[in-house]
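Asks: The following block contains a protein sequence and its predicted model.
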Amino acid sequence: MQYTFFFFTAFLIALFITPLVKKFAFRVSAVDLPNHPRKIHTKPIPLLGGFAIFIAFILTLAIYLCFFEVDFVVIPMRFFWGIISGAVLLMIGGYLDDKYSLSPKHQFIFPILACLALLSSGVGVGINFISNPFGGVINLNFLILGIKASGILVFFFLLGMIYTTKFLDGMDGLTSGISLIASSTLFVLSLTEHINQPVTASIAIILAGSIAGFLVYNFNPASIFLGESGSTFLGFMLGALSVLLGGKIATALLVMGIPILDVAWVIARRIWYGSSPFKADRKHLHFRLLDLGFSQKQTVLTLYGIAAVFGAVAIFMQSMGKLVSLIILFVLMITIALGTVFAYKRKYPHIPGN
């Protein structure tokens, strides 16, 4: 009943607050104009959607911390402050980008600061080992240039998650929906017998409820977009939850596997052709599927389904099973990517650089 209360409280707050955020976005001219070939909407759509998720999450989290029993031995209060301060930094950066369209080098500042804020609270630094899929553990209790190895690993993992959801955000409801599946997976994983972490379960279900309330307005046809604040906040929170669960990085990689591999594929392609890795284009998997005749809803639901299947695998599989699943996921992504590229070339042979 407690988790149900958290979910619906966050859901209803997001449901109520999102129309207010929409009005505010129009008032400050933080809107996404259909002025680029990558854009698939036909009218101005308000941004700043991440603020609705953030407000719903923070208010519900405050209710949890103030009125419910929280085991601060498992997750000390400084960890919560690390999450909140990191999220606030992303909101500031997101607002500035949605309103003023910051350059990539300026956008990069806020995710780095958010990751450092979380690490400064001690999140991830205390991870002394991670599971070895071939048996035993991998020791992370050593220093690299005076910095603990686990801290470096967590920093780049968080940054990678932030940029995965950021680059994924190119279609109505895609990033928010997959993030909802990921947070729900982490919620269920928190309640399994071998983990049993009610605190992380509460945080995950609050995040899921916040996303679900926003998704009502963000699913196709969307009336509001996540914006920079929302796309980065979701990756940050999913990364933070994975670390709080005791370094369940493989779980996050499974649920977010297709988006992560898609982002890696697109970045590698951009570098290969001499473009900036941060320059937006229509080479992402979801755009390929759209150009091949899939509707937005069909594309998004297909990717939802893949994320849900691998999310279920992440819950029930142990280390070796997750490794096998990651290999299968990699092969699946390569197959889908090559298949869409070949189909795209056949359908659009006149377009160079396919």
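Replies: Yes, it's here. Residues are numbered from 1 along each chain as shown.
Asks: what sits against Leu208?
Replies: Rather than Leu, residue 208 is Ala. Phe7, Ala10, Leu180, Ser183, Ser184, Phe187 (CB atoms under 8 Å, 6 or more residues apart in numbering). All C-beta atoms are positioned from the backbone trio N, CA, C, and that covers glycine.
Asks: For it, which non-adjacent residue is closest in space?
Replies: Ser183 (4.3 Å; CB to CB, 6 or more residues apart in numbering).
Asks: just checking, what packs against the host helix or strand of that neighbour?
Replies: Take DSSP states H and E as the rule and Ser183 turns out to sit in helix 174-191. On a contact count with 3 or more CB pairs under 8 Å, 6 or more residues apart in numbering; DSSP states H and E, helix 174-191 meets helix 149-168, helix 198-218, helix 227-244, helix 249-255, helix 296-316.
Asks: Show the contacting residues for the closest residue to Ile109 other than its chain neighbours.
Replies: Of all residues not flanking Ile109 in the chain, Gly93 sits nearest, at 6.9 Å (CB to CB, 6+ apart). Listed by CB under 8 Å, 6+ apart, the contact partners of Gly93 are Leu102, Gln107, Ile109, Phe110, Pro111, Glu228, Ser229, Thr232.
Asks: ok, Leu12 to Thr175 distance?
Replies: Using CB to CB, to the nearest Å, Leu12 is found at 22 Å from Thr175.
Asks: Between those two, tell me which one has more neighbours.
Replies: Thr175 (26 against 14; other CB atoms under 10 Å).
Asks: where's that one relative to Gly209, distance?
Replies: Plainly put, Thr175 is 17 Å away from Gly209 if you go by CB to CB.
Asks: Check Phe156 too.
Replies: 29 Å.
Asks: Those two: which has the busier surroundings?
Replies: Per other CB under 10 Å, whichever of Phe156 and Gly209 has more neighbours is Gly209, with 30 against 11.
Asks: pretty sure that one contacts Ala10?
Replies: Yes - judged on CB atoms under 8 Å, Gly209 makes contact with Ala10 at a distance of 3.1 Å.
Asks: Need the overlap of contacts for those two.
Replies: Residues touching both Gly209 and Ala10 (CB under 8 Å, 6+ apart) are Ala56, Thr60.
Asks: Stretch 99-115: which residues count as buried?
Replies: Within stretch 99-115, the residues that count as buried by 16 or more other CB atoms under 10 Å are Lys99, Leu102, Gln107, Phe110, Pro111, Leu113, Ala114, Cys115.
Asks: Could you dump these into a markdown table with pLDDT, distance to Gly86 and secondary structure added?
Replies: Output for these, formatted as a markdown table (pLDDT from 0 to 100; distance: CB to CB, whole Å; DSSP: H, G, I helix; E, B strand; the rest coil):
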| residue | pLDDT | distance to Gly86 | secondary structure |
| --- | --- | --- | --- |
| Lys99 | 92 | 21 | helix |
| Leu102 | 88 | 18 | coil |
| Gln107 | 89 | 16 | helix |
| Phe110 | 97 | 9 | helix |
| Pro111 | 96 | 9 | helix |
| Leu113 | 96 | 8 | helix |
| Ala114 | 96 | 4 | helix |
| Cys115 | 94 | 7 | helix |
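Asks: what's around Thr192, how many residues?
Replies: The burial count for Thr192: 12, using other CB under 10 Å.
Asks: Pull up the gap between the residue nearest to it when sequence neighbours are not counted and Ile92, please.
Replies: Closest residue to Thr192 in three dimensions, ignoring its sequence neighbours and counting by CB to CB, 6+ apart: Ile315, at 6.8 Å. The spacing between Ile315 and Ile92, counted by CB to CB, is 35 Å.
Asks: and the helices and strands packed on helix 174-191, which is most packed in?
Replies: helix 227-244 (a mean of 28; mean count of other CB atoms under 10 Å).
Asks: tilt between that helix and helix 174-191?
Replies: Here helix 227-244 points in a direction 20 degrees away from that of helix 174-191 (axes from the mean of the first three to the mean of the last three CA atoms, to 10 degrees).
Asks: Now helix 227-244: average pLDDT?
Replies: Across helix 227-244, the average pLDDT comes to 93.
Asks: which secondary structure elements does it contact?
Replies: helix 49-67, helix 77-100, helix 109-120, helix 149-168, helix 174-191, helix 198-218, helix 249-255.
Asks: Let's have these in JSON lines, adding distance to Ser295.
Replies: Listed next are the helices and strands packed on helix 227-244 as JSON lines, based on distance: least, CB to CB, whole Å:
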{"stretch": "helix 49-67", "distance to Ser295": "22"}
{"stretch": "helix 77-100", "distance to Ser295": "27"}
{"stretch": "helix 109-120", "distance to Ser295": "32"}
{"stretch": "helix 149-168", "distance to Ser295": "18"}
{"stretch": "helix 174-191", "distance to Ser295": "13"}
{"stretch": "helix 198-218", "distance to Ser295": "16"}
{"stretch": "helix 249-255", "distance to Ser295": "24"}
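Asks: And these: which comes nearest Leu290?
Replies: When the helices and strands packed on helix 227-244 are compared by CB to CB, helix 174-191 sits nearest Leu290, at 10.7 Å.
Asks: tilt between that closest one and helix 296-316?
Replies: 20 degrees.
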